[in-house]
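K.L.:
Build me a model:
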Amino acid sequence: MSPLPLPPVAEPFQLPFHYGALHHIGIDWLTEAEPVRELLAKHHPALTAATFDGGRALVSFNYQLYFAQYAFGGGVTQEIEYNVIAFPTDQADQIPELTYAQYAQGWDQTKLLGIARIHVVCDNPYAITAGRELYAEPKYPGWFEVDLPSLNGPAGETWTVHCKGAEVAQDNTLVHADVQLVSLTAELDALTPAPANNTPITGYGTDADGRALAGPMNVYQPYRWFDLSAPHHTDRVHLTVHAPDSDLGRDIHHLLGDTPAAGAWTYQSPPVAAHNRPYYLGPQSIPRTPEGARPA
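P.N.:
Numbers count the residues shown, from 1 in each chain. Below you'll find the predicted structure:
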């Protein structure tokens, strides 16, 4: 059998795509397998939904904020993905038998257990085009309001993401719509995470000609995985659908319902520099009184 050619790289894109910084949260749900299999077959017929912990399928919802540096400057992008954890059907005999916790911490070294993208919402028209043409992502426009853990903000580990509708204008700019699609809140404060060696993350797509393709993404430090399986963690994650008649809203309700989250995983790029607090240079810099004299 002759080797397969690589998928083409459309102009003006270049691969690999290098992230300058990444802030990423994913939430996993273990749920009934049959509805997941049915939805996956509609989008990715060459893939099979993976099962864990008593035959349940795994659905993942993740938000990304990332920076990229280009020759002309820089760009910031936000997006969410609604995914099914799946593998190529014709490679089923190579899939290891794992619990969800083992998978989440990166025990699958084949990396065949990947994310089959069902919906991707993005606020960067350039990234939307790149995702569609390079990786066959089902990517469409939206915009975001967020409140994230940050070294430049209050202490805490709560992530809040509001995703809203948008359109891409003829001049390739994003036009915001006053339509809320979905909101996610994950309160991970006071939890102890485990390091997760879970990359490269294999992302699966199916192009317009029905060809399945896989695109690995490397992240150069471990993720942090939070086990949310205990009953007292049920209220830590809230996924709210504001547009139940949208394709995204229907698929969330169809697969998840009231299922509690099984786990969360996060990654935040470490800072590369810090601009420190200033200090006075000596007595000559002490503020004077309005009369011009130094204070006593």
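K.L.:
contacts and neighbour counts: CA atoms only from here.
P.N.:
Will do.
K.L.:
If we ignore the residues flanking it in sequence, what's nearest residue 189?
P.N.:
Nearest non-adjacent residue to residue 189, counting by Cα to Cα, 6 or more residues apart in numbering: residue 157, 4.8 Å away.
K.L.:
who are the neighbours in contact with the one you found?
P.N.:
Going by Cα atoms under 8 Å, 6 or more residues apart in numbering, residue 157 touches 148, 149, 187, 188, 189.
K.L.:
quick one: residue 37 from residue 72, how far?
P.N.:
Going from residue 37 to residue 72 by Cα to Cα, to the nearest Å gives 44 Å.
K.L.:
ok so, going back, redo the contacts of residue 157 as CSV? Include secondary structure.
P.N.:
CSV is the format used below for the contacts of residue 157 (DSSP: H, G, I helix; E, B strand; the rest coil):
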residue, secondary structure
148, coil
149, coil
187, strand
188, coil
189, coil
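K.L.:
Looking at residue 37 and residue 72, which is more packed in?
P.N.:
Neighbour count, other Cα atoms under 10 Å: between residue 37 and residue 72, residue 37 has more, with 19 against 6.
K.L.:
how near is that one to residue 154?
P.N.:
To residue 154, residue 37 is 42 Å away according to Cα to Cα.
K.L.:
Surely residue 162 and residue 142 touch.
P.N.:
No. The pair formed by residue 162 and residue 142 falls short of the contact definition of Cα atoms under 8 Å, at 10.2 Å.
K.L.:
Give me the more crowded residue out of the two.
P.N.:
Between residue 162 and residue 142, counted using other Cα under 10 Å, the more crowded position is residue 142 (27 against 18).
K.L.:
If the more buried one is in a bridge, with which residues?
P.N.:
Residue 142 has these beta-bridge partners by DSSP bridges: residue 165.
K.L.:
in the stretch 101-250 of the chain, which spans are helices?
P.N.:
Using DSSP state H, counting those that start in this stretch, the helices of the stretch 101-250 of the chain run over 125-135, 247-255.
K.L.:
quick one: the first one to chain centroid distance?
P.N.:
So the one you mean is helix 125-135. 16 Å (Cα atoms, centre = their mean, to the nearest Å).
K.L.:
Show residues contacting it.
P.N.:
Identification of contacts with helix 125-135 by Cα under 8 Å, 6+ apart yields 7-10, 13, 77, 122, 137-141, 168, 172-174, 204-205, 207, 213-215.
K.L.:
could I get that helix in PDB with only the CA atoms?
P.N.:
Extracted in PDB, the C-alpha atoms of helix 125-135 (Å, rounded to 0.1, in the frame of the first residue of the first chain):
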ATOM      1  CA  PRO A 125     -12.000  35.600  11.200                       C
ATOM      2  CA  TYR A 126      -8.400  34.700  10.200                       C
ATOM      3  CA  ALA A 127      -8.400  31.800  12.600                       C
ATOM      4  CA  ILE A 128     -11.900  30.700  11.500                       C
ATOM      5  CA  THR A 129     -10.600  30.400   7.900                       C
ATOM      6  CA  ALA A 130      -7.400  28.600   9.000                       C
ATOM      7  CA  GLY A 131      -9.300  26.100  11.100                       C
ATOM      8  CA  ARG A 132     -11.700  25.300   8.300                       C
ATOM      9  CA  GLU A 133      -9.100  25.000   5.600                       C
ATOM     10  CA  LEU A 134      -6.200  23.400   7.500                       C
ATOM     11  CA  TYR A 135      -7.900  21.100  10.000                       C
END
